[in-house]
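Sequence below, structure please.
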Amino acid sequence: MNLIDFTHVVTRAGAAFGFATMAITGMVIVFRGGRKFSSLKPRAVWLPWAASALTMVMASAVTGGFIGKLSGGFTGAGNQGGAVVGNAALGQAGAGAVDISVTEVLGYSGSWLVLVMVVGVGLFIWFAKGWGERALSLSGAVTGATWGIASSVGGWAAAIGVPLFTWIGKVVIG
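Below you'll find the model as predicted:
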């Protein structure tokens with residue numbers, strides 16, 4: 001087993017790991033905030049998470065270069081994390097591959113938009129005020145690169161996000 005497999009194919013274990021990462025992150029915030037769901041409402045909570053999740057969903061539609069390696073690394077790490085947690089916590093080794101739903105590839109201009117998003121998230125993480133914001137961003141990135149591109153959720157990205165980003169890129173960049 002390699003340290004990280006670079007892949008754009010999400011396994012069931014990876015999709016489950018991404019979903020669990022999202023759910024557990026939300027639970028930690030709710031319990032830390034006095035068991036109130038309103039703890040999830042502040043922009044300081046949802047913005048770092050949502051921005052990095054959306055970025056990694058869209059980055060998974062870029063198959064080459066640095067962006068492809070970055071998103072493939074998060075996806076592979078999520079797959080392996082899911083397999084390890086599945087084996088330890090659930091006693092099941094079934095990581096069964098699920099084809100990625102983001103089968104469309106972003107156009108050249110749309111890929112530039114994703115590059116800007118990745119740089120924006122990177123700058124956010126670099127200039128974050130504390131480890132809490134960084135942890136939220138990393139949680140969103142893992143969720144976006146795994147559960148966000150699994151067949152359960154990724155179909156939305158394939159049907160709406162990829163064509164939308166390709167079109168916006170063509171309009172804005174040319």
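
Do you know the pLDDT at Val98?
Predicted confidence (pLDDT) for Val98: 61.

tell me the contacts of Thr55?
Neighbour list for Thr55: Val114, Met117, Val118, Gly120, Val121, Ala141, Gly144 [criterion: CB atoms under 8 Å, 6 or more residues apart in numbering]. All C-beta atoms are positioned from the backbone trio N, CA, C, and that covers glycine.

Repeat the analysis, applying 6 Å as the threshold.
Applying CB atoms under 6 Å, 6 or more residues apart in numbering, one finds that Thr55 lies in contact with Met117, Val118, Val121.

what are the bridge partners for Val10, then?
With DSSP bridges as the criterion, the beta-bridge partners of Val10 are Val98.

Let me have the contacts of Thr55 in TSV, adding secondary structure and pLDDT as columns.
Formatted as TSV, the entries for those read as follows, by DSSP: H, G, I helix; E, B strand; the rest coil; pLDDT from 0 to 100:
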residue	secondary structure	pLDDT
Met117	helix	93
Val118	helix	93
Val121	helix	91
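
For those, please prepare JSON lines with the additional fields distance to Ala88 and neighbour count.
Written out in JSON lines, the entries for the contacts of Thr55 read as follows (distance: CB to CB, whole Å; neighbours: other CB atoms under 10 Å):
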{"residue": "Met117", "distance to Ala88": "34", "neighbour count": "19"}
{"residue": "Val118", "distance to Ala88": "32", "neighbour count": "21"}
{"residue": "Val121", "distance to Ala88": "30", "neighbour count": "21"}
